[in-house]
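K.L.:
Could you work out the structure for the sequence below:
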Amino acid sequence: MPTDQSALPADQTADAPDRSVEEITDPDDPRIADYRALTDVELRTRWEPPHGLFIAEGELVLRRALRAGYRPRSFLVDAKRVDQLGDVPTGGAPVYAASQAVLEQATGFHVHRGVLASFHRRELPAVERVLADARRVAVLEDVNNHTNLGAIFRGAAALGVDAVLLSPSCADPLYRRSVRVSMGEVFAVPYATLDRWPAGLDQVRAAGFTVLAMTPAPDAVPIQRLTPAQRERAALLLGAEGPGLTAAAQSASDVRVVVPMRRGVDSLNVAAAAAVAFWELGRDDPL
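P.N.:
Numbering: from 1, shown residues only. The predicted structure is shown next:
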């Protein structure tokens, strides 16, 4: 995919200079093509990665993208909220302002946060580089629900997981909904794609990780009973909501583990299960 690896210049950490704001009155204005039909997942999937961009929604999220070094392409704001960008380092990217009605027609939804930004993507790091800097990782198979994906990244950032590896069938972590649900934590957790699946798990194991496959199977090991050696460098393998991990992925793991359930509940939402498992694996980490 096209990428832009440019980071923000150092002087952008200072207060932003005055900038001009361009008014948008036509929802079909080509200047805001990056923001068109943001609720159309299929269209956005065809548009964003090939064009090397992603969309950040909300002031908090776009500020986190800037702090992570992503370079902005443009900003699109509710005309009544232009002042919210007063100290935002735009890096010379254009700032467009429009009425709420124009924003809604262009994007396909009510932009209640009032602030959007388009950013250049960066090239993903190699798997070996991600693994070299990690002690604990999450590995996701076919997690294609953007809400779950964003929640997993937020849990990973909060609960001591150093990186995320994705099967080729996973959703895009930089899709707007994933970014928003993660509250921008997708920018804080390194991730990469295992192009060979599930054979790529051999690479994870060769890097010194124990691959732990999460499953509700009754014969799986309760996660709190893992040995210290199994916890030392853990790669927690999680599957899609509903079907869970494939048989091939489970066979490629070292240990099948379960979060014990009560009251007849068979399983948790994958993001909730991930958070419980992340906490359990890191419960003895120094704070």
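K.L.:
what about the residue nearest to residue 223 when sequence neighbours are not counted, is that helix, strand or coil?
P.N.:
Take residue 223 and drop its neighbours on the chain: the residue closest to it by Cβ to Cβ, 6 or more residues apart in numbering is residue 257, 4.6 Å away. Using the backbone N, CA and C atoms, a C-beta is placed for each residue, glycine as well. Under DSSP: H, G, I helix; E, B strand; the rest coil, residue 257 falls in the strand class.
K.L.:
so what's residue 257 up against?
P.N.:
By Cβ atoms under 8 Å, 6 or more residues apart in numbering, the residues touching residue 257 are 212-215, 220-223, 226, 277.
K.L.:
Sort out which one of the residues you listed lies nearest residue 46 for me.
P.N.:
Residue 46 lies nearest to residue 214 out of those, by Cβ to Cβ, at 31.7 Å.
K.L.:
How many residues are close by the nearest residue to residue 244 once chain neighbours are set aside?
P.N.:
The spatially closest residue to residue 244, leaving aside those adjacent along the chain, is residue 215, at 6.2 Å (Cβ to Cβ, 6+ apart). Other residues within reach of residue 215, judged by other Cβ atoms under 10 Å, total 21.
K.L.:
next one: residue 271
P.N.:
The number of residues near residue 271, taken as other Cβ under 10 Å, comes to 21.
K.L.:
Confirm it sits in a strand?
P.N.:
No: secondary structure of residue 271 (three-state DSSP): helix, not part of a strand.
K.L.:
I'd like to know which of the contacts of residue 257 are buried.
P.N.:
Taking 16 or more other Cβ atoms under 10 Å as the criterion, what is buried in the contacts of residue 257 is 212-215, 220, 223, 226, 277.
K.L.:
Just the ones in strands from these, please.
P.N.:
Among the buried ones among the contacts of residue 257, the ones falling in strands (DSSP state E) are 212-214.
K.L.:
Adding distance to residue 30 and pLDDT, write the residues you listed out as CSV.
P.N.:
Formatted as CSV, these follow (distance: Cβ to Cβ, whole Å; pLDDT from 0 to 100):
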residue, distance to residue 30, pLDDT
212, 49, 98
213, 48, 98
214, 46, 97
